[in-house]
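Engineer: Quick one: sequence and predicted model below, then my questions.
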Amino acid sequence: NFPFSETKDCKQKTNKQILNNPKKCKQIKTMAGITNTTILAEISKVSDKIDSIIRTVKPLVEDSVTQFVQNHVKNLGGLIGAYSKCFTSLEVKGREEAEKLWERHLIRDIRLEEQIDLLLDKEKEFDQFLETLDQRWMRELQEKNLEHSKKLFSVGDVIPRDVTFKDENNRSCTIQDFLTEGIRYLVVVVLRHYG
């Protein structure tokens, strides 16, 4: 058992009565004050945002993924705000706490279960979209680099000292620039991200 507080729609005296009479109790409210209705609404907003982002971004990606990454990648960032608002409304700090909250509320609410399943499906669709986007982008880069006799590097490759990179300030630099007297090895972490 976990603690419940009474709401206007739920006048039962004990937790056991509340759990055994779900039809009489429309709004089960936790000590934190989060109702199933709130959870449903917040999960629905995130699912809708995922749909909206995919609908907006797909046409932009069709012509050139490279152009999309250079000019429109910020469109993917809206999901961060959607999750932030969801977690704030649910009074949780992150996904793990949100899932624990959802589990506590799944007791007798099939709508919540369906909405969570929908969110998980949307997240999977978004992940697959990003994976496809990444694969297309890598193909475009490989084709472009082959035309210019450039090599793409993979994890574990030994990188020549004269390879040019852009640093965090968008300045050109080489591995050699980082090697000073006494330094024999340099670990380079190359980050590529969408948002």
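Structural biologist: Thanks, I have it.
Engineer: other SSEs contacting the host helix or strand of Thr37?
Structural biologist: In the assignment (DSSP states H and E), Thr37 maps to helix 36-63. Where contact means 3 or more Cβ pairs under 8 Å, 6 or more residues apart in numbering; DSSP states H and E, helix 36-63 is packed against helix 65-71, helix 78-89, helix 95-105, helix 110-147. No exception for glycine: its C-beta is placed from N, CA and C like everyone else's.
Engineer: Include mean pLDDT, distance to Ile183 and mean neighbour count when you put those helices into a markdown table, please.
Structural biologist: Shown next, in a markdown table, are those (pLDDT from 0 to 100; distance: least, Cβ to Cβ, whole Å; neighbours: other Cβ atoms under 10 Å):
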| stretch | mean pLDDT | distance to Ile183 | mean neighbour count |
| --- | --- | --- | --- |
| helix 65-71 | 82 | 33 | 15 |
| helix 78-89 | 93 | 37 | 15 |
| helix 95-105 | 91 | 40 | 14 |
| helix 110-147 | 87 | 29 | 14 |
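Engineer: Out of the ones you listed, flag the one nearest Ser44.
Structural biologist: helix 110-147 (6.1 Å; Cβ to Cβ).
Engineer: Next, the contact list for Phe129, please.
Structural biologist: Taking Cβ atoms under 8 Å, 6 or more residues apart in numbering, we find Phe129 in contact with Ile54, Val57, Lys58.
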